[in-house]
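**Student:** only the shape, not the letters, is given here:
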Ligand SMILES: [Zn+2]
């Protein structure tokens, strides 16, 4: 016999008594079947409820062929009466997310004719796939009307129409349903076949917010949050905006302009820094004097690209090997080696062997890193044959 679904008639029922019909060992615990339950089993995009049955914790709930199975961490006595208690905060959150999704989907359907063809309630956000394209203005309009439906506080009604009544009814449905159809109506915003749990009125959804949208399979995939999740998201974003606006000394509504300005300033400074550095590198190379000697330079805080630029400048017109290092004895050194006249690849091999280095490149430049100390590297270059 099918499990009696107490949540069908009362989604606010969070404690109930039921008879244990069976309890069998299952993966990581026990599978418990009751004669009736308020626990919603995973389905239709809505996750399962959690809570307790007596002293046992309910970690998951599934439904198959009308039978609802509770997966628990402790056994229950078959034939006994047990008290079930839902994790109400989790359930109410699911009710808010689910009802918010109904309202928005119903409004998108009546505004643009698109269907909700995919629904997933994740731990953080709800994902909905709509069957046709909508730009940001179209989504903003649907979102605004959805929130107006919340303010209108229409009741959410459940009905079980006859086959004939159903035939004459306009309602949303994701699939063909065999047997009795359960219709959930939210005022004039939505009418949908659904077996999930919903709030009693649209007002309890609180707020409906679309967080993101992207084109997906010819339609749009959105992420959205409702109720408590939307409030938590608002709190987080307000805190972040306040923190950034205090740091930038601008009002929260001027953050985008301030960020654009900051980005432009950073780009200008980078260009300025690169020009100063190029100048400095040219002077450093000029100060090295005679062009017929090997050079081994150590410079602080140079990036691999800085090393390359400086090394090539030093090597210009020089007959020996030019080497530039940046780093420390403890962290190791990044290097650039260049020569316009010598076989830099075979030089690199002996350098790697002597100074525990590795790297690569093509003439006239090699780049890489080594773990030898500054003293060891200087010793190696001092011992090279004079040019
Ligand atoms: Zn629903």
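**Tutor:** Now that the structure is in, tell me what you want to look at. Everything quoted here is computed from the prediction, not taken from an experiment.
**Student:** if I look at residue 200, how far off is residue 75?
**Tutor:** 36 Å (CB to CB, to the nearest Å). All C-beta atoms are positioned from the backbone trio N, CA, C, and that covers glycine.
**Student:** is stretch 28-45 anywhere near the ion?
**Tutor:** No. If you take CB under 5 Å from the ion as the test, stretch 28-45 misses the ion, and the best it gets is 6.8 Å.
**Student:** buried stuff in that stretch?
**Tutor:** Within stretch 28-45, the residues scored as buried using 16 or more other CB atoms under 10 Å are 29-34, 36-41, 45.
**Student:** also stretch 252-270?
**Tutor:** Quick answer for stretch 252-270 (16+ other CB under 10 Å): residue 258.
**Student:** about what we covered before: out of the buried residues of stretch 28-45, what pair is the most spread apart?
**Tutor:** The largest separation in those, counting by CB to CB, is between 30 and 45 at 26.8 Å.
**Student:** around the ion, pick out the residues from the stretch 1-150 of the chain.
**Tutor:** Close to the ion, as judged by CB under 5 Å from the ion, the stretch 1-150 of the chain has residues residue 98.
**Student:** list the contacts for the closest residue to the ion within the stretch 1-150 of the chain?
**Tutor:** Nearest to the ion, among the residues of the stretch 1-150 of the chain, is residue 98, at 4.9 Å (CB to the ion). By CB atoms under 8 Å, 6 or more residues apart in numbering, the contact list for residue 98 reads 46, 121, 194, 196-198.
**Student:** can I get these in CSV with distance to residue 56, neighbour count and secondary structure?
**Tutor:** Listed next are these as CSV, based on distance: CB to CB, whole Å; neighbours: other CB atoms under 10 Å; DSSP: H, G, I helix; E, B strand; the rest coil:
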residue, distance to residue 56, neighbour count, secondary structure
46, 23, 22, strand
121, 25, 20, strand
194, 29, 25, coil
196, 25, 23, coil
197, 22, 22, coil
198, 28, 24, coil
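**Student:** OK, now which residue of the stretch 51-200 of the chain is nearest to the ion?
**Tutor:** residue 194 (3.2 Å).
**Student:** let me see the contact set for the closest residue in space to that residue that isn't next to it in sequence.
**Tutor:** In this structure, residue 194 finds its nearest non-sequential neighbour in residue 184, 4.6 Å apart by CB to CB, 6 or more residues apart in numbering. Counting by CB under 8 Å, 6+ apart, residue 184 touches 102, 156-158, 190-194, 196, 198.
**Student:** if residue 184 is in a bridge, with which residues?
**Tutor:** residue 158, residue 192 (DSSP bridges).
**Student:** so after the lengthiest strand in the chain, what's the next helix or strand?
**Tutor:** Secondary structure of the chain per DSSP state E: the longest strand is strand 15-26. Using DSSP states H and E, the helix or strand that follows strand 15-26 in sequence is strand 29-34.
**Student:** quick one, that following strand and strand 15-26 angle?
**Tutor:** Going by axes from the mean of the first three to the mean of the last three CA atoms, to 10 degrees, strand 29-34 is angled at 130 degrees with respect to strand 15-26.
**Student:** hmm, who's touching strand 29-34?
**Tutor:** Counting by CB under 8 Å, 6+ apart, 3, 18-25, 53, 56, 59, 67-76, 82, 84 sit against strand 29-34.
**Student:** in ChimeraX, select just the buried ones from those residues.
**Tutor:** Buried residues among the contacts of strand 29-34 (16+ other CB under 10 Å), as a ChimeraX selection:
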select :3,18,20,23,53,56,68,69,70,71,72,76,82,84
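**Student:** pLDDT weak spots in the stretch 51-200 of the chain?
**Tutor:** Scanning the stretch 51-200 of the chain for pLDDT under 70 picks out 174.
**Student:** helices of that one, start to end?
**Tutor:** 88-112, 136-152, 163-167 (DSSP state H, counting those that start in this stretch).
**Student:** and for the shortest one, what's in contact with it?
**Tutor:** Which is helix 163-167. With CB under 8 Å, 6+ apart, helix 163-167 has contacts from 181, 183.
**Student:** if you count neighbours, what's buried in it?
**Tutor:** residue 166.
**Student:** can you give me the offset of it from its chain's centre?
**Tutor:** Put simply, helix 163-167 sits 43 Å off its chain's centre (CA atoms, centre = their mean, to the nearest Å).
**Student:** sorry, back to before: hmm, residue 182 and the residue of the stretch 51-200 of the chain closest to the ion touching each other?
**Tutor:** Yes. Between residue 194 and residue 182 there is a contact under CB atoms under 8 Å: 6.5 Å.
**Student:** domains in the chain, by residue range?
**Tutor:** Structural domains assigned to the chain are 4-86, 92-235, 288-382, following automatic domain parsing.
**Student:** in TSV, list the ones you listed along with distance to residue 278.
**Tutor:** Output for these, formatted as TSV (distance: least, CB to CB, whole Å):
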stretch	distance to residue 278
domain 4-86	58
domain 92-235	42
domain 288-382	7
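**Student:** strands of the stretch 151-300 of the chain, start to end?
**Tutor:** Per DSSP state E, counting those that start in this stretch, the stretch 151-300 of the chain carries strands over the ranges 156-159, 183-186, 190-193, 208-216, 219-226, 295-298.
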